[in-house]
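# Sequence and computational prediction follow.
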Amino acid sequence: MSAVAAKPAAGGAINPTAMAVGVVMFLILLGICYIVYPVGLMPLILIVIGGVLIGFGVHFVPVGGAPAAMGQAPGIATGVAMLAAGGGLAGLFGGAWAAAAGQDPLVVVITGGIGGGLMMAITCMMVNFVYVFGMGIPAASGKVAKDPITGDSQAEFKSQGTEGHGLPFVSFVGGVIGGLFAGAGGTLIYLELLNVYTAALPTVMQITAKQVLPIAVSAAGMFAVGMFLVNAVLTAYNITGTIEGPHDPKFKRWPRSVVASAVASALCGLVAILIVAL
Amino acid sequence: MTVKVEVIEGGIPHNKIMIAGIVSTLVCLYLTYLNVLTSTEMFSFFGGFAVIAALIWGSHTIKVLCSYGIGTGVPSAGMIAFGSGVIAMLLATKFGIMAPIVAAVLAAVIGFILGYVSNNILNMKIPAMVQSLTEMAVVGSLSLMGFAALMTGGFTFDGLTTGHVTMMGLSLLTHQQSFIGGCLIAVAFLLGAIAIQHPFNACLGPGWKQDRMLMLTAECGFLSMIVAAVMSFALISIGAALISLIIALIGWVYTYNEYLVLSKRDAAAWLDAKPIPDVEGH
């Protein structure tokens, strides 16, 4: 964002025509995959589910941005893309480790979710540590009068002229839930691509399954990271800057993000699957 | 409609930078094909030049996009550029000698759709959004291809997935020691993603000057090229890797000094402080 802070005017409105175009585009991309490489349709659908999980999950994460760094807004003091990358990639590593150990796909995805959730829990706790003991400010939300989970009132802890500060309990919980979703989504993408590549690359490249494994792991991981970042940044565009967590009014914008993530994941997933089809 | 907060005053117009960027990137990428024609690896360093040309174009695109105050931070633009670019680049490597052109076209399609998604479905309504995301996807894919050419001497799928290990005088074929199999692509990804977003992030503000930002981009590009050249020792012959490394070092020292000169030109005042002050009486 530029130094002269301009408030984006995107707002929460939904553009019905664009949403319809998005759904049609999504179906066309699935259709292309079915025609070109029918075996890839099921993985592509699961990749889209993973992408949507990322897009939806990021809405839970309390993103504070630059105002939070100055203690003038609640949340973690960095941008959406950085936080999503931190939580999601930690989940991806956890999930990839479980996949390498030959676990059941469900276990792998859940491990990925726990990895992401754990990363966000540690981040949220350390952020509150710095806020409370380093900057000397209490945690208070500016968007709600009472914390929706604990019921603690917020107004008397909020400094004048700020939108709240620190990381209230509901934001903490939101961060962990967001990490769970994002980590699970990223792992699902990785796992599906890995299955597609380990199955198809040996015939495409004319080498043995053992030789293909490093290429499959690396390519699937790289595609997963790429798609993860695309989904995270699109969600960041949807949130336009900062969000406090699930209690923030901006949270209601999630339907737009789900459609956008579905289109983006279908597009990127199709290109990723085409590498073995062409 | 958001308010445009910064205007470009003077300097080279964006379209000129864009055209120069794409032409010089593609030319540099194809110059690495001299490796195949002369069956050496001496021309790999042109990959690094392709990276720098693409980065200079990309950082100016980020300037155009982020002037609108998109509210998500400048680094996110670098991340989406390389996130969408890596997907296009990996598929494009399958097309042999056509790879750079296919990468550019495919990335443009992906970027255009992502631009439509963010501008219309997500309701961003930023005039430069579609064009910027299209350009940035192309920049991301071409710079990754440049890194690939710099590190391996080629940009085809076979070249990026196959490597050679010399064991007891025998040259063995391996897939683990390669650009994709060894996941050097992940390092290339972040080297590029950081180099593309840093210059505008560092130079933005009322005192923004085009030449200073672009010089910083070139400096970041050469810095990335040093790291990539060091990694290329594992994949290409020592002589070729040394050429890349020496060129990268010379380029970095030159651009770094130039950037310092430009920074001093734009600064109100400066003090040449010593890093560690001499304490008297010791």
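Nice, I can see it. Numbers count the residues shown, from 1 in each chain, chains lettered A, B, ... in the order given.

# what sits against B:Gly48?
B:Gly48 makes contacts with B:Gly146, B:Leu150, B:Gly221, B:Phe222, B:Met225, B:Ala228, B:Ala229, B:Ser244, B:Ile247, B:Ala248, as judged by C-beta atoms under 8 Å, 6 or more residues apart in numbering or on different chains. (Each C-beta comes from the backbone N, C-alpha and C, glycine too.)

# element containing B:Ile180, please.
Here B:Ile180, judged by DSSP states H and E, is contained in no helix and no strand.

# quick one: contacts for it?
A:Ile215, A:Ser218, A:Ala219, A:Met222, B:Leu90, B:Leu160, B:Thr161.

# Could you do A:Ala155 as well?
A:Ala140, A:Ala145.

# Distance-wise, check it relative to chain B.
Separation of A:Ala155 from chain B (C-beta to the nearest C-beta, to the nearest Å) stands at 26 Å.

# Now do the SS call for B:Val165.
Secondary structure assignment for B:Val165 (DSSP: H, G, I helix; E, B strand; the rest coil): strand.

# Tell me what it is bridged to.
Beta-bridge pairing of B:Val165 under DSSP bridges involves B:Leu172.

# That one reaches B:Thr174, doesn't it?
Yes. With contact defined as C-beta atoms under 8 Å, B:Val165 counts as touching B:Thr174 (4.9 Å).

# what about those two, which has more around it?
Neighbours per residue (other C-beta atoms under 10 Å in any protein chain shown) separate B:Val165 from B:Thr174, with B:Thr174 holding more: 16 against 12.

# quick one: contacts for that one?
B:Thr162, B:Gly163, B:His164, B:Val165, B:Gly181.

# 7 Å instead?
Contacts for B:Thr174 (C-beta atoms under 7 Å, 6 or more residues apart in numbering or on different chains) come out as B:Gly163, B:His164, B:Val165.

# Nearest residue to A:Asn195 in space, please, no chain neighbours.
Leaving aside its sequence neighbours, A:Asn195 sits nearest to A:Pro43 (C-beta to C-beta, 6 or more residues apart in numbering or on different chains; 6.6 Å).

# Can you give the contact residues for stretch A:122-134?
So stretch A:122-134 is contacted by A:Ile76, A:Gly86, A:Ile137, A:Pro138, A:Ala139, A:His165, A:Gly166, A:Leu167, A:Phe172, A:Gly175 (C-beta under 7 Å, 6+ apart).

# Flag the least confident of those residues.
By pLDDT, A:Gly86 ranks lowest within the contacts of stretch A:122-134, coming in at 81.

# just checking, it touches A:Gly116?
No. Assessed by C-beta atoms under 7 Å, A:Gly86 is found out of contact with A:Gly116, at 9.0 Å.

# So those two - more neighbours on which side?
Each of A:Gly86 and A:Gly116 has its neighbours counted (other C-beta under 10 Å); A:Gly116 has more, 34 against 20.

# roughly how far apart are the residue lying closest to the more buried one once chain neighbours are set aside and chain B?
Excluding the flanking residues, the one nearest A:Gly116 by C-beta to C-beta, 6+ apart is A:Gly183, at 2.1 Å. A:Gly183 is 17 Å from chain B, where distance means C-beta to the nearest C-beta.

# quick one: contacts for A:Gly183?
A:Gly87, A:Gly88, A:Ala90, A:Gly91, A:Leu92, A:Gly94, A:Gly112, A:Gly113, A:Gly115, A:Gly116, A:Gly117.

# cool, and B:Leu142?
B:Thr25, B:Leu29, B:Ala50, B:Ala54, B:Pro100, B:Ala103, B:Ala104.

# still on that earlier bit, quick one: which of the contacts of A:Gly183 has the most company?
A:Gly88 (36 neighbours).

# close enough to count as contact, that residue and A:Phe228?
Yes. The pair A:Gly88 / A:Phe228 is scored as a contact, 5.1 Å apart, by C-beta under 7 Å.

# Show me the common contact partners of those two, please.
With C-beta under 7 Å, 6+ apart, A:Gly88 and A:Phe228 have common neighbours A:Ile54, A:Gly186.

# Would you mind naming what in the stretch 151-282 of chain B lies close to chain A?
Taking C-beta under 7 Å from any C-beta of the partner chain as the criterion, the stretch 151-282 of chain B approaches chain A at residues B:Thr161, B:His175, B:Gln176, B:Ile180, B:Gly181, B:Cys183, B:Ile185, B:Ala186, B:Leu204, B:Gly205.

# now the helices for the stretch 51-200 of chain B?
Using DSSP state H, counting those that start in this stretch, the helices of the stretch 51-200 of chain B run over residues B:74-92, B:99-116, B:129-152, B:157-161, B:184-203.

# neighbours around B:Trp57, how many?
B:Trp57 has 28 neighbours, counted by other C-beta under 10 Å.

# what's the distance between it and chain A?
20 Å.

# Does the nearest residue to that residue once chain neighbours are set aside lie in a helix or a strand, and which?
Excluding its sequence neighbours, the residue lying closest to B:Trp57 (C-beta to C-beta, 6+ apart) is B:Gly21, at 2.6 Å. B:Gly21 is part of helix B:14-31 when elements are defined by DSSP H and E.

# For that helix, list every residue counted as buried.
B:His14, B:Ile17, B:Met18, B:Gly21, B:Ile22, B:Ser24, B:Thr25, B:Leu26, B:Cys28, B:Leu29, B:Tyr30, B:Leu31 (16 or more other C-beta atoms under 10 Å in any protein chain shown).

# How about stretch B:100-110?
Buried-residue list, stretch B:100-110, by 16+ other C-beta under 10 Å: B:Pro100, B:Val102, B:Ala103, B:Ala104, B:Leu106, B:Ala107, B:Ala108, B:Ile110.

# could these go into TSV alongside distance to chain A?
Below are the buried residues of stretch B:100-110 laid out as TSV (distance: C-beta to the nearest C-beta, whole Å):
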residue	distance to chain A
B:Pro100	17
B:Val102	10
B:Ala103	11
B:Ala104	14
B:Leu106	7
B:Ala107	10
B:Ala108	13
B:Ile110	6
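
# Let's have those in TSV, adding pLDDT and distance to B:Asn35.
Formatted as TSV, the buried residues of stretch B:100-110 follow (pLDDT from 0 to 100; distance: C-beta to C-beta, whole Å):
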residue	pLDDT	distance to B:Asn35
B:Pro100	93	14
B:Val102	94	19
B:Ala103	94	18
B:Ala104	94	20
B:Leu106	94	23
B:Ala107	95	23
B:Ala108	95	27
B:Ile110	94	28
